[in-house]
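Chemist: the following comprises the amino acid sequence and a computationally predicted model.
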Amino acid sequence: MSVPIAIPVPLKFNVPPAFSDIGKTTNDLLSKDFPVGAAKLEVNTVTTNGVKFTVLGAKDNKTGAIASELKAKHIDKARGITFTESWTSSNILGTQLELDNTLARGLKVDIAASLLPAKGTKNLKAGVEYKQDHLFTRTSVDLFRGPTLHGDAVVANDGFLAGGEVAYDVSDARVTKYNLAFGYLGREYSVALHATNALSTFAASYFHRVNADVEAGAKATWVKSLDNTVHVEVGTKYFLDNDASLKAKVDNRGLLGLGYTQILRRGVKLSLGGLFDTTRFHENVHKLGLALTLEA
């Protein structure tokens, strides 16, 4: 007798972002496509039966150290099952199993494990994610660190977001982390406020899609334990055409970042980046880098 298989139904309701994704558009604008200080290579291939292979490599321009990782991801969209295996140049073996909308609509189960054979170091983390209209919650337990319970939740209404995050060490019976975030998501712009590190670090950010060719954003951060200085960073992205874009960012410490991304052909993307200290132009403190991504 055959057993019927439940086919996941795509979510159609208005789900808010995860707690870690509040302010993501600003963070991406100020950090992505600036491959400074290293030469990076990423190769992605997909087989006909849905297995995705990924090879990642990065060479540090200063030390010459090379780090790499090999991943194999098995995706079964019909059942909502994803199984990932990984092996790094540090000899860390990893596996991850994801069940998305398989057990219930809006429910995702994630189990991830890693092992370092040389030292016998192992890690096992299990998590549950639940999405619903105006709500996004996640709970996970790190079994070999504490164990530690971690949870976060975000509620939303009419574009306004409010979220919180907490971590609890079971063995020590104490809260090890708690953060808060608030934000607003609009069609053309978004803003976010964060209070992290036990409410000792405060950040405010905004992102604005000015038009089809220009994006702009800024972020201000104040660490309570240091001084009264606020770190401010502003950036912009300009789309030259469908295949090329320019990025620039600068902060109040005099660091200037420049990035250029070009799609050379379908499946081939090249990114060039530089970070320059404008207060010390004649010193060897500047950083350059590149990233090449291949997909087939």
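Modeler: Everything's here; your move.
Chemist: contacts and neighbour counts: CA atoms only from here.
Modeler: Will do.
Chemist: now the helix or strand hosting residue 152 - C-alpha only, CSV.
Modeler: Using DSSP states H and E, residue 152 maps to strand 148-157. Taking C-alpha atoms only, strand 148-157 is exported to CSV below (Å, rounded to 0.1, in the frame of the first residue of the first chain):
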residue,chain,number,x,y,z
THR,A,148,21.9,27.0,25.0
LEU,A,149,18.3,27.8,24.0
HIS,A,150,17.8,30.6,21.5
GLY,A,151,14.6,32.3,20.4
ASP,A,152,13.5,35.3,18.4
ALA,A,153,10.2,36.7,17.2
VAL,A,154,9.1,39.5,14.9
VAL,A,155,5.6,40.9,14.6
ALA,A,156,4.4,43.2,11.9
ASN,A,157,1.5,45.3,10.9
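Chemist: go through that strand and flag the buried ones.
Modeler: Buried residues in strand 148-157, counted by 16 or more other CA atoms under 10 Å: 148-156.
Chemist: could you do stretch 246-265 as well?
Modeler: For stretch 246-265, a neighbour-count test (16+ other CA under 10 Å) marks 246-251, 255-263 as buried.
Chemist: of all the residues you listed, which two lie farthest apart?
Modeler: 251 and 263 (28.1 Å; CA to CA).
Chemist: what's the closest non-adjacent residue to residue 175?
Modeler: residue 168 (4.4 Å; CA to CA, 6 or more residues apart in numbering).
Chemist: quick check, the one you found in a helix?
Modeler: No - checked against DSSP: H, G, I helix; E, B strand; the rest coil, residue 168 lies outside a helix; its state is strand.
Chemist: quick revisit: mind listing what the strand holding residue 152 pairs with, with the direction of each?
Modeler: Strand 148-157 has the following sheet partners, assigned by DSSP bridges: strand 135-142 (antiparallel), strand 160-169 (antiparallel).
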